[in-house]
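> Predicted model, plus sequence, below.
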Protein chains: 2
Amino acid sequence: MGGATLLACDWGTTNLRAWTLDADGAVVAGREFELGVSKLGPGEAERQFREEVQPALGAQGLPAILCGMIGSNLGWTVAPYVDCPAGLPELAAALTPVEATGGWVRIAPGMRSEGVTGATDVMRGEETQLMGWLAQNPARARGRQIVVHPGTHAKWMLVEDGRLVRFVTAMTGELFAVLGRHSVLKSDAPATDAGAFEEGLAAAGDGNALAARLFTARARVVGQGRAPESTPSYLSGLLIGAEVASVPALLGLSGNEPVALLGDPALCALYHRALDRRGVAYESFDGEAAAIAGLFALYRLGAAS
Amino acid sequence: MGGATLLACDWGTTNLRAWTLDADGAVVAGREFELGVSKLGPGEAERQFREEVQPALGAQGLPAILCGMIGSNLGWTVAPYVDCPAGLPELAAALTPVEATGGWVRIAPGMRSEGVTGATDVMRGEETQLMGWLAQNPARARGRQIVVHPGTHAKWMLVEDGRLVRFVTAMTGELFAVLGRHSVLKSDAPATDAGAFEEGLAAAGDGNALAARLFTARARVVGQGRAPESTPSYLSGLLIGAEVASVPALLGLSGNEPVALLGDPALCALYHRALDRRGVAYESFDGEAAAIAGLFALYRLGAAS
């Protein structure tokens, strides 16, 4: 491992993860900051970057590359979307320079796609993770891949020959959070009841009529005497099960195709259970490592051009 | 119109509507109270009824009949569910007496049904409205009727020969409220943009993959430059459109059958637009008048037995 040559940041809505990387893209140091874009005031991004992020990693003067919501209109500087289909070269060519700082600082573009038929879809951050995963797994850059990024706004991505051709976002994680905190389904209990999770997967059925399926989480408690503490696990299974059952069709898929899961390992493990139930093959990959690889690949290509 | 002979109350989660009725069931006086069951502490229901509701309507000593969430475990006394299929006689026979008050006070039971296949569904209050509507429209008590009660927890009810045989609840109104207040779709703007509502109806499609369709409300703003203020109207159209497109199948219906809408007139008007778009015939009926008629019918039958 050599000395740090690059500062790489995944700056999202709720937090910021930053790493210094050596000349081969290996991590020298990493740090997480509670500096989400959702909490940024106007003009604050640059100050936080300069006063908190760079010093904490000893990265003053290093070139820096950033991805995620920091490129949105809530962030630092808007990095316009690149339209599908596109791959690493198009993204690297669309890096947006950040003014008013000393060194080379660039923000990765988000991507835009036809999603639900007749509608537009967008992402910021997942495209960098995807490109990093393809760089880590060159064999995946040939033919068709279906890559799923679970999360607050889960992404189902159709990849052909290393290019993202189309994607659809499902608000699964956000529905889980807002219903669990603010609706008749609210509960402080942890979502750790494996039996209730499976019950939720079963209740997801084909995923249709979700607004009705969601009410079963209430009715099973008041009408069938299930423990209220099991509601979060049931809700998690219901929402993930409905996503897995219904989103592939929006991409013209049968839903039986093997998928690559790319994201938080604990969340991927929940998807394993939903996919197992449907007999769908999967492999899981760590999202953080892929994000680092993607930022490094964008830097190498973007700094050279 | 004669003197008041009955106090009738629809006591729901967020508020309480009460009326005194004459011997023919006509309204003598009515009043709305901000005394929702969700705000009740243990034992408070009786005190509020005695100290606030009865005196405000000069109804001390009158028999009283109550329906709604006041019969739940959050309310006054639990009035157990009556299982489908059932009609007015079964409900009247299952009125639950309230102890510790002077006069005749009864709470109407809720109803329980198979809803989503393999799951249970429940209602409290809508069954009374439905029975009142049938009493008001005797011709509807023959053959099959599909009755829709729009709202926080919208009900789709299958009625055969005056008996409720099955129903499904869709959390449409609650999804609208929690997403509009607490999610990435939040907005303080009123849902009054007719064009955006129609756009949402179009985006609802067949109602499948709702978690993905919901994200189109975000992507159309950040990816297509639509006004953020149009999000509530778009979201309303999307959720109502998805409900109308997807819930009938859960009841074994094609979705083309004519429906009777029973509820708040302004909310019913939104459903008209969703149903118009699908070529479904409908008639609308005022929910409050039906609730009063239902409470009166339950009282007449329940007090006589």
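The structure has been received and is ready for your questions. In this text the structure is predicted, and so the values were computed from the model without any measurement. Numbering: from 1, shown residues only, chains lettered A, B, ... in the order given.
> hang on, A:A119 packs against B:R218?
No: counting by Cβ atoms under 8 Å, A:A119 does not reach B:R218; the two are 10.5 Å apart. In this view, the C-beta of every residue, glycine as well, is placed from N, C-alpha and C.
> Validate this expectation: A:F285 resides in a strand.
Yes: A:F285: assigned to a strand according to DSSP: H, G, I helix; E, B strand; the rest coil.
> Mind listing what's buried along the lowest-mean-pLDDT helix or strand in chain A?
Lowest on mean pLDDT, DSSP states H and E among the helices and strands of chain A sits helix A:44-48, with a mean of 93. For helix A:44-48, a neighbour-count test (16 or more other Cβ atoms under 10 Å in any protein chain shown) marks A:45, A:48 as buried.
> Ok, stretch A:62-72 next?
Of all the residues in stretch A:62-72, those buried under the rule 16+ other Cβ under 10 Å are A:62-72.
> circling back: which residues sit against the least confident helix or strand of chain A?
Residues from elsewhere that reach helix A:44-48 (Cβ atoms under 8 Å, 6 or more residues apart in numbering or on different chains): A:33, A:35, A:37, A:40, A:70, A:75-76, A:98, A:100-101.
> Closest one of those to B:G132?
Closest approach between these and B:G132, by Cβ to Cβ: A:V37, at 51.9 Å.
> Can you report how many residues lie near the closest one?
Per other Cβ atoms under 10 Å in any protein chain shown, the neighbour tally for A:V37 reads 23.
> Contacts only, for the nearest residue to it once chain neighbours are set aside.
Here the nearest residue to A:V37 in space, its sequence neighbours aside, is A:M69; by Cβ to Cβ, 6 or more residues apart in numbering or on different chains that works out to 4.1 Å. Applying Cβ under 8 Å, 6+ apart, we find A:M69 in contact with A:11-13, A:36-38, A:75, A:124-125.
> Got a ChimeraX select line for the buried ones in those?
In ChimeraX, this line selects whichever of the contacts of A:M69 come out buried by 16+ other Cβ under 10 Å:
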select /A:11,12,13,36,37,75,124,125
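> Secondary structure and distance to A:P109 for the contacts of A:M69 - can I get that in TSV?
Below are the contacts of A:M69 laid out as TSV (DSSP: H, G, I helix; E, B strand; the rest coil; distance: Cβ to Cβ, whole Å):
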residue	secondary structure	distance to A:P109
A:W11	strand	14
A:G12	coil	15
A:T13	coil	17
A:G36	coil	20
A:V37	helix	16
A:S38	helix	20
A:G75	coil	12
A:R124	coil	8
A:G125	coil	11
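> what does stretch A:160-170 rub up against?
Here stretch A:160-170 makes contact (Cβ under 8 Å, 6+ apart) with A:84-88, A:111, A:113-116, A:121-123, A:127, A:130, A:134, A:140-145, A:153-159, A:243, A:247, A:250-251, B:209, B:211-212, B:215, B:219.
> Please pick the buried ones from the residues you listed.
A:84-88, A:111, A:113-116, A:121-123, A:127, A:130, A:134, A:140-141, A:145, A:153-159, A:243, A:247, A:250-251, B:209, B:211-212, B:215, B:219.
> Please, where are all the strands along the stretch 101-250 of chain A?
Remark: strands assigned in the stretch 101-250 of chain A by DSSP state E, counting those that start in this stretch are A:105-107, A:111-114, A:120-123, A:144-149, A:154-160, A:163-170.
> Reformat these into TSV and put mean pLDDT next to each item.
Below are the strands of the stretch 101-250 of chain A laid out as TSV (pLDDT from 0 to 100):
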stretch	mean pLDDT
strand A:105-107	97
strand A:111-114	97
strand A:120-123	96
strand A:144-149	98
strand A:154-160	98
strand A:163-170	98
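> between those, which one is nearest to B:A189?
Per Cβ to Cβ, nearest to B:A189 of the strands of the stretch 101-250 of chain A: strand A:120-123, 20.5 Å.
> can I get the CA coordinates of that closest one in CSV?
Coordinates of each C-alpha in strand A:120-123 appear next as CSV, following Å, rounded to 0.1, in the frame of the first residue of the first chain:
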residue,chain,number,x,y,z
THR,A,120,-38.5,9.0,-15.9
ASP,A,121,-36.3,7.6,-13.2
VAL,A,122,-33.1,9.0,-11.6
MET,A,123,-30.2,7.8,-9.5
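> so what strands line up beside that strand?
Note on strand A:120-123: by DSSP bridges, its sheet partners are strand A:111-114 (antiparallel).
> Off-centre distance for the partner strand?
15 Å (Cα atoms, centre = their mean, to the nearest Å).
> for stretch A:91-105, same thing?
Using Cα atoms, centre = their mean, the offset of stretch A:91-105 from its chain centre is 22 Å.
> again with stretch A:12-19
Centroid separation for stretch A:12-19 versus its chain: 12 Å, with Cα atoms, centre = their mean.
> ok, and what's touching that stretch?
A:7-10, A:27-38, A:53, A:56-57, A:59, A:68-70, A:125, A:152, A:288, A:291-292.
> Could you work out the end-to-end span of it for me?
Separation of the first and last residues of stretch A:12-19 by Cα to Cα, to the nearest Å is 14 Å.
> residues in the stretch 201-305 of chain A within reach of chain B, list them.
A:202-203, A:205-216, A:218-220, A:222-224, A:239, A:242-243, A:246-247, A:249-250 (Cβ under 8 Å from any Cβ of the partner chain).
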